[in-house]
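J.: Provided below are the primary sequence and the corresponding predicted coordinates.
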Amino acid sequence: MHATVIGAGVAGLACAVELAERGASVEVLERAASLERAGCSWFAGGMLAPWCERVSSPAHIVALGDEGFAWWAERYPAMVRRGTLVLAHARDAAELKQFARRTEHYEWLDAAGIAALEPDLEERFEQGLFFPEEAYIDPRAALAALAERLTGLGGTIRFGTEAPSAAPEAGRCVIDCTGLGARAVLTDLRGVKGEMLHVQAPDVTLTRTIRVLHPRTPVYIVPRGEGRYMIGATMIESDQASRISARAMLELLGAAYALHPGFGEAEIVELGTGVRPAFPDNLPRLTRRNGTLYVNGLFRHGFLAAPALARRAAEFVLEGREAPEVMP
Amino acid sequence: MLTFYDVPVRSRLLLGTARYPSPAILAEAVRSSGTEVVTVSLRREAAGERAGQAFWSLVRELGVRVLPNTAGCHTVKEAVTTAHMAREVFGTRWIKLEVIGEEDTLQPDVFGLVEATRILCAEGFEVFPYTTEDLTVAERLTAAGCRVLMPWGSPIGSGHGLNNLFGLKALRARFAQVPLIVDAGIGVPSHAAQALELGFDAVLINTAVSQAADPARMAGAFAHAVSAGREAFLAGPMEPRDMAVPSSPVVGTALLS
């Protein structure tokens, strides 16, 4: 089987790797010149946090995400599975209670429990939720690992290459993972803008994803190693990946500073924005159109859901196996 | 029949469109609420480049009347500019006018509100001002041309219900002919029922529905509460008394001694 995957974001590379591992001869076409410019995956948090996501997503997302841990652990061994710590400041205790009511797979921690996990947060929070089975990965390193694995399996990635406009030749399957680029075909796609920043904070030591709940500006912080942290991310109904707004930056940094004053001394290393592709129900799906399989709508669940979706896509194109995510 | 600026509405429940888990769930909530009017906030950055188009068309496709708002505006100038953009994007003269005065409680800046109302009414807008229960402010707003008022129940998104019953009753009594919509602070359906029982014409709900575990179901619950409250108002509720009054007659009961 020859397969063409269009788009080298996390969905495209996961599909390509999955197909190549199953023996297909795979080429990936990416319009951008490098992985860095290949869509919103580059700016993702890289949280594998299906149980936390349950707070605003149906149980299906948990099931898709749960499938991803083993997949990533094998293909990106640097995955860090130390759980997620969810905190709220004393005046926002109600947020924590509501979060707990809508999620599962966690334990309540008191101040001592929080300090035992993250000594840097000692005496800062009275209570929190710990989701021990969750993990995070560095999205950029993970994308590079997938690209390398694909080439190792004989696949190719052609950057700076537009998708062919002609119908695919017989015997070649085409999987389109172009996010908002597929809008002309998947007309109910919309963009949800996200803004993030990277800081270098030598005074802060955090070893797992921290989510700080807040009625207006919830924030998450993911360690990137060597004192570097990703702080994200806004959710704005907008198609435009224009630069980060001053307000978003103030809010993200303010929330980080409130978590740990050491973030006040941090250096700002990078600002980034991306536009997540989403369907009206914010759930990913596989769609067949004119001989092409579209894997799209991963929304804020790209790294979380890509392995499960890649598996569905490969099983569908290679074996014709249907799954609930495959739309007629 | 209840009318907002001569537009008749049957449902006394207005729904905000922010912070739902997804647009699909928002659409379900709108359907199960039976609402005829939804509010939409316009982010300036999204409006500038028409980048929020996709979400706005989803809202337009809900098939209900759109009441754009100026949420997040802190000055008269911002609010007026946002109102202009909203008119262009949604093609309506209706505007829910918010001028926020205090960051923590998001309390309206009533001075800015009156000023912005004057400007927008003069330009032909039909203004739904988000205000407090203050009578003098309400006088100024109606004098400026408002034919609907939206007093708060309690701070936006707080879920505390009707904070100042005395003030709200006084407002209702003083502005008997003006449609009054309780906006902000309603947390559970019983708060909404209470507003309608007091004779308020309608309520606007957002967070209480969008942040519920099952927004569509909660929207339905609010629809029931709003019609129960309205029916109760029309039915004429009893006045509370300090003395217990037995509900079964005691005169003539047998003395078994």
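T.: On my side now, so go ahead.
J.: for the helix or strand containing A:Val5, which positions count as buried?
T.: Assessed by DSSP states H and E, A:Val5 sits inside strand A:2-6. By 16 or more other CB atoms under 10 Å in any protein chain shown, the buried positions in strand A:2-6 come out as A:3-6. Bear in mind the C-beta positions are built from the backbone N, C-alpha and C, glycine included.
J.: direction included, what does that strand pair up with?
T.: Neighbouring strands of strand A:2-6 in its sheet, by DSSP bridges, are strand A:25-30 (parallel), strand A:172-176 (parallel).
J.: contact partners of the shortest one?
T.: Which is strand A:172-176. With contact meaning CB atoms under 8 Å, 6 or more residues apart in numbering or on different chains, strand A:172-176 is reached by A:1-7, A:12, A:15, A:19, A:163, A:168, A:182, A:185, A:291-296, A:313, A:317.
J.: for the residues you listed, which PyMOL command selects only the ones that are buried?
T.: The buried residues among the contacts of strand A:172-176 can be selected in PyMOL (16+ other CB under 10 Å) with this line:
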select buried, chain A and resi 3+4+5+6+7+12+15+19+163+182+292+293+294+295+296+313+317
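J.: hmm, which helix or strand of the chain has the shakiest average pLDDT?
T.: With no chain named, the answer covers chain A. strand A:326-327 (a mean of 75; mean pLDDT, DSSP states H and E).
J.: I was after chain B.
T.: helix B:44-48 (a mean of 54).
J.: can you tell me how far B:Ser57 is from chain A?
T.: For B:Ser57, the distance to chain A equals 9 Å [CB to the nearest CB, to the nearest Å].
J.: just give the number of residues close to that residue.
T.: Counted with other CB atoms under 10 Å in any protein chain shown, residues neighbouring B:Ser57 total 10.
J.: end to end on stretch B:88-107, go ahead and measure it.
T.: End-to-end span of stretch B:88-107 (CA to CA, to the nearest Å): 27 Å.
J.: stretch A:258-265 too?
T.: Criterion CA to CA; first-to-last residue distance in stretch A:258-265 is 12 Å.
J.: sec struct for B:Cys96, please.
T.: Not Cys; residue B:96 is Lys. Here B:Lys96 is recorded as strand under DSSP: H, G, I helix; E, B strand; the rest coil.
J.: so is the helix or strand harbouring B:Thr39 next to chain A?
T.: Using DSSP H and E, B:Thr39 maps to strand B:37-41. No - using CB under 8 Å from any CB of the partner chain, strand B:37-41 stays clear of chain A, coming no nearer than 9.9 Å.
J.: how about residues contacting that strand?
T.: Applying CB under 8 Å, 6+ apart, the external contacts of strand B:37-41 come out as B:4, B:9, B:11, B:14-18, B:30, B:56, B:59, B:62, B:64-72, B:90, B:96, B:204, B:206.
J.: ok, for whichever residue of the stretch 101-250 of chain B sits closest to chain A, nearest residue in space, not its chain neighbours?
T.: Proximity of the stretch 101-250 of chain B to chain A (CB to the nearest CB) peaks at B:Ala213, 5.6 Å away. Counting by CB to CB, 6 or more residues apart in numbering or on different chains, B:Ala213 lies nearest to A:Arg102, which is 5.6 Å off, once chain neighbours are set aside.
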